[in-house]
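Q: Prediction below, plus the sequence it came from.
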Amino acid sequence: MKKPKLHVTILKENVGYSATIVSKNKFIASEADTFDLLLTHLVEAINLTFEEYGFTYQVNELKFTYDLESFFEFYTVINAKALSERIGMNQSLLAQYIKGIKKPSTAQIRRILSGVQQIGKELGEVQLLF
């Protein structure tokens with residue numbers, strides 16, 4: 001068996017976070033009070049699930065899909081105020097989306113995602129002088 005690529009869905013819950021993976025005929029789920037603890041529990045669960053195949057995983061090998069709250073919790077380096085200015089969105093509105101106070105429309109999620117991906121593209125092209 002070839003080591004499967006795992007796709008993780010992470011959600012902010014009323015209390016803490018949850019993560020799920022569906023891979024072939026395996027279902028893996030975990031939950032925790034904090035985001036860091038969730039990642040620790042998740043990697044442990046994954047490694048127990050694939051132990052019989054001799055596979056071990058690290059966080060950087062996983063592909064993630066997040067809700068907005070979880071995304072901004074994981075990528076604390078992204079400044080929501082600067083992002084709101086960059087994409088032309090009211091800072092207060094973006095903050096309400098991130099905190100789960102308001103639910104963004106599909107168009108708004110695409111707008112936010114586009115801005116984040118543009119920043120990622122720009123950072124990927126950065127050159128520094130030595």
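A: Happy to help now that I have it.
Q: Any buried residues in the longest helix seen in the chain, and which?
A: The residue-count maximum for a helix in the chain (DSSP state H) belongs to helix 106-124. Going by neighbour count (16 or more other Cβ atoms under 10 Å), the buried part of helix 106-124 is Q108, R111, I112, G115, V116, I119. Every residue, glycine included, has its C-beta placed from N, CA and C.
Q: other SSEs contacting the lowest-mean-pLDDT helix or strand in the chain?
A: Every helix and strand in the chain was compared by mean pLDDT, DSSP states H and E; the lowest is helix 68-74, with a mean of 89. The elements that helix 68-74 packs onto, with contact taken as 3 or more Cβ pairs under 8 Å, 6 or more residues apart in numbering; DSSP states H and E, are strand 7-12, helix 35-49, helix 91-99.
Q: How about residues contacting that helix?
A: With Cβ atoms under 8 Å, 6 or more residues apart in numbering as the test, helix 68-74 has contacts from 10-12, 17, 35, 64, 66, 78, 80, 97-100, 104, 109, 112.
Q: Is it possible to mark the buried ones in these?
A: Among the contacts of helix 68-74, those classed as buried by 16+ other Cβ under 10 Å are I10, K12, Y17, F35, Y66, A80, Y97, I98, P104, I112.
Q: export those residues to TSV and tack on pLDDT and distance to Y53?
A: TSV is the format used below for the buried ones among the contacts of helix 68-74 (pLDDT from 0 to 100; distance: Cβ to Cβ, whole Å):
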residue	pLDDT	distance to Y53
I10	95	24
K12	90	31
Y17	94	27
F35	89	28
Y66	92	27
A80	92	40
Y97	95	40
I98	93	38
P104	95	39
I112	97	37
